[in-house]
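Enquirer: Build me a structure from this.
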Amino acid sequence: MTSNRVVVTGVGMITPVGINAESTWQGFVQGRSGLGPLTQIDPSPFHSKVAGEVKGFDPAAHFKPKDIRKTDRFVQFAVVASQEAQKDAGLDISKEDPYRIGVLVGSGIGGLRVIEEQHKILLEKGADRVSPFLIPMLIVNMAPGQISISLGIKGPNVCCATACATGSNAIGDAFRIIHRGEADLMFAGGTESCITPLGFGGFDAMKALSTHNADPATSSRPFDATRNGFVMGEGCGVMLLESLDHALKRNAKIYAEIVGYGMTSDASHITAPDPSGEGAARCMILAMKDGNIRPEDVDYINAHGTSTPLNDKVETIAIKKALGEAIARKVKISSTKSMTGHLLGAAGGVEGVACVLAIRDGIIPPTINYKKPDPECDLDYTPNEAVKYPVKVTLSNSLGFGGHNACIAFRAFQD
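Expert: Numbering: from 1, shown residues only. Below you'll find the predicted structure:
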């Protein structure tokens, strides 16, 4: 069987911190919060009144008016971030075999906004007024579908939906496709935009959201003793994966190499992580084994770090089990969700990009809003300020509702 090495050659991001990869990354390095008061919908019915909203994104700058009417915001994010990754990689698709380029971009929830809007029209105006574009606007696979149309690529075209693990599973599965020789290049990541009355209301009803409403910028507090929920966000993170041989042939710049991928299931609870942390720990162990990485090789872990009381405690337990407690206490960890909020299906895509840029620049982004240590979260979470550090190996963790666990291992490229 073919066994290709796989590298990252392009990145694209749209987040509450910035509307492209570089502005987002510089915001991470500066420890800049992208969180603020909830404005996209009326906050009055909800206990939580804060969100991580993307600011300054203008669809008209990227799409024709008729195409805007046919695409949901989560799809628009995916197309624009993928185009950024293509440009960043210096990839001229007209010179490539389009059947050797694919897309694997997922979404945890998809087009909830258009579902709500069109359901209201159905009830108030009748079935004949429902948009004929409703179905292709709401289905989650339309993100990779529209990416392939916009870029003219005809290889594998796949979507995954594993809740908050979506972005990492998409990257890992795309890594496998190239590793097996089924494609030369894959656009991979996650996208999400479902800050709607129903979406926000559902998480609010679960009491999963932060209620630190007085100071929205500090409302996401991963690993801090005063954390009381995540902040719902939106955005997209996409990276261009490429077989090493193909990247070298076209003299592409290489951010990092993907060397390992692990995935497990907690088989425990529909929303809560397994309190033992066994599933998440096993996932990290599998990613390290796949990448021939020893625990002591790991320099940085971008944690799932949602800012919920249970997740952060369990992830801390899992890291200790995966690396061994002595090594776990030495490794640098951070949660960029402290700045973006929880981007749901897009989280793993954005956090994977953060890992490769940490390798590129030798900088570990901080966990901001970390003020009061929690005795049950007692590792080095890189509090409040970025740290310069020669990052060679990173792990990116994603843990989703339904017990989905995914971990990607990145290594600094060495020919």
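Enquirer: From Ile14, how far off is Asp58?
Expert: 12 Å (CB to CB, to the nearest Å). Using the backbone N, CA and C atoms, a C-beta is placed for each residue, glycine as well.
Enquirer: if you count what's nearby, which of the two comes out ahead?
Expert: Ile14 (30 against 8; other CB atoms under 10 Å).
Enquirer: Asp11 in helix, strand or coil?
Expert: No Asp there; residue 11 is Val. Classification of Val11 using DSSP: H, G, I helix; E, B strand; the rest coil returns strand.
Enquirer: correction: Val75
Expert: helix.
Enquirer: Which residue ranges of this protein form strands?
Expert: Here the chain has its strands, by DSSP state E, at 6-14, 36-37, 50-51, 101-106, 157-158, 185-192, 235-243, 256-265, 300-302, 332-334, 363-364, 387-388, 393-400, 404-411.
Enquirer: in terms of contact count, name the helices or strands touching the first one.
Expert: Using 3 or more CB pairs under 8 Å, 6 or more residues apart in numbering; DSSP states H and E as the contact criterion, the elements in contact with strand 6-14 are helix 21-30, helix 73-89, helix 166-179, strand 235-243, helix 244-249, strand 256-265, helix 347-361.
Enquirer: Buried residues of it, list them for me.
Expert: Residues 6-14 are the ones in strand 6-14 that count as buried (16 or more other CB atoms under 10 Å).
Enquirer: Stretch 271-290 too?
Expert: Buried, per 16+ other CB under 10 Å, within stretch 271-290: 273-274, 277-288, 290.
Enquirer: again with stretch 104-119
Expert: So stretch 104-119, judged by 16+ other CB under 10 Å, has buried residues 104-118.
Enquirer: Show only the entries of the residues you listed found in helices.
Expert: Members of those lying in helices (criterion: DSSP state H): 112-118.
Enquirer: Using JSON lines, please lay out those residues together with distance to Cys407 and pLDDT.
Expert: Converted to JSON lines, these look like this (distance: CB to CB, whole Å; pLDDT from 0 to 100):
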{"residue": "Leu112", "distance to Cys407": "27", "pLDDT": "97"}
{"residue": "Arg113", "distance to Cys407": "31", "pLDDT": "96"}
{"residue": "Val114", "distance to Cys407": "33", "pLDDT": "97"}
{"residue": "Ile115", "distance to Cys407": "32", "pLDDT": "97"}
{"residue": "Glu116", "distance to Cys407": "34", "pLDDT": "97"}
{"residue": "Glu117", "distance to Cys407": "37", "pLDDT": "97"}
{"residue": "Gln118", "distance to Cys407": "37", "pLDDT": "97"}
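Enquirer: For the strands of the chain, give me a markdown table that also has mean pLDDT.
Expert: Shown next, in a markdown table, are those (pLDDT from 0 to 100):
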| stretch | mean pLDDT |
| --- | --- |
| strand 6-14 | 98 |
| strand 36-37 | 98 |
| strand 50-51 | 98 |
| strand 101-106 | 98 |
| strand 157-158 | 98 |
| strand 185-192 | 98 |
| strand 235-243 | 98 |
| strand 256-265 | 98 |
| strand 300-302 | 98 |
| strand 332-334 | 98 |
| strand 363-364 | 98 |
| strand 387-388 | 98 |
| strand 393-400 | 98 |
| strand 404-411 | 98 |
